[in-house]
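Sharing a model prediction with you, sequence too.
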Amino acid sequence: MSHIVHCVKLKQDLPGLEEPPFDGEIGQKVYDHVSQQAWGLWMEHCKMLLNEYRLNPARREDQELIVRQLEAFFFGDGAAPPPEFKPEAV
């Protein structure tokens, strides 16, 4: 039986993550309120942040920035791309 959540991002009941994505309160909050589909959207957004800001996930300051962006993406006003970000033309 899959874990169903009312997704804060997509505003509907959808399958949730199989387990919290990381330890701690924010990991549990994501597990309880974010769908697999919305997590996929976050992963794409996070890749863009890593590339645009040239973040190193091993650095504590960069990890903290990513967590702040994650909280804004799901539980705040949404996460804006960096001011210089230009989406790739398709």
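Sure thing, it's come through. Numbering: from 1, shown residues only.

can you give me phi and psi for P15?
Backbone torsions for P15, taken as degrees, to the nearest 10, come to phi -60, psi 130.

Not counting its neighbours along the chain, what's nearest it?
S2 (4.6 Å; CB to CB, 6 or more residues apart in numbering). C-beta here means a position set from N, CA and C on the backbone, and glycine is covered the same way.

now the strands for the chain?
Taking DSSP state E, the strands of the chain run over residues 4-6, 13-15.

Sheet partners, orientation included, of the first one?
Which is strand 4-6. Strand 4-6 has its sheet partners listed here by DSSP bridges as strand 13-15 (antiparallel).

in the partner strand, what's buried?
Of the residues in strand 13-15, L14 count as buried by neighbour count, 16 or more other CB atoms under 10 Å.

who's in contact with it?
Residues outside strand 13-15 that contact it (CB atoms under 8 Å, 6 or more residues apart in numbering): 2-7, 35-38.

make it 7 Å
Strand 13-15 is contacted by residues 2-7, 35-37 when judged by CB atoms under 7 Å, 6 or more residues apart in numbering.

do stretch 64-82 as well
Against stretch 64-82 from outside (CB under 7 Å, 6+ apart): 8-9, 26, 30, 34, 42, 45-46, 48-49, 52-53, 55.

JSON lines for the contacts of strand 13-15, including neighbour count?
JSON lines is the format used below for these (neighbours: other CB atoms under 10 Å):
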{"residue": "S2", "neighbour count": "10"}
{"residue": "H3", "neighbour count": "13"}
{"residue": "I4", "neighbour count": "11"}
{"residue": "V5", "neighbour count": "21"}
{"residue": "H6", "neighbour count": "13"}
{"residue": "C7", "neighbour count": "20"}
{"residue": "S35", "neighbour count": "22"}
{"residue": "Q36", "neighbour count": "15"}
{"residue": "Q37", "neighbour count": "14"}
